[in-house]
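Asker: need a structure here:
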Amino acid sequence: MKVVVAFLSAFLFSGVAHAGPLTVSVRDGAGRPVANAVATVYPASGLPRGPIRFAWPLRMSQENIDFNPEVLIVPVGG
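Answerer: Model (predicted):
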């Protein structure tokens, strides 16, 4: 699984990067799709220096046993 994500990120982000859609398919060792997988993609130019700030609020809500959003991205120190 990590190999697929690493290959895709190396292939898709090599050379000059332009904003655009990205589709990632995560599969297990048998080649079956992995449901609800989270993939991390890093820019080829490296990570930005200093703290990462998002323009949107970091909020998660719970209704019964469901969380919204299902995955919340929180930067280090956030």
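
Asker: center of this protein - which residue?
Answerer: residue 40 (3.6 Å; Cα atoms, centre = their mean).

Asker: pLDDT value on that one, please?
Answerer: pLDDT, residue 40: 83.

Asker: for residue 28, same thing?
Answerer: Confidence score, pLDDT, at residue 28: 93.

Asker: and it, how far is that from residue 22?
Answerer: Going from residue 28 to residue 22 by Cβ to Cβ, to the nearest Å gives 21 Å. Glycine gets a C-beta too; all of them are placed from N, C-alpha and C.

Asker: What is the burial count for residue 65?
Answerer: 5 (other Cβ atoms under 10 Å).

Asker: actually residue 52, not the one I typed
Answerer: 13.

Asker: So it sits against residue 73, correct?
Answerer: No. Using Cβ atoms under 8 Å, residue 52 makes no contact with residue 73, being 9.4 Å away.

Asker: got any residues that touch both of these two?
Answerer: Contact criterion Cβ atoms under 8 Å, 6 or more residues apart in numbering; residues shared by residue 52 and residue 73: none found.
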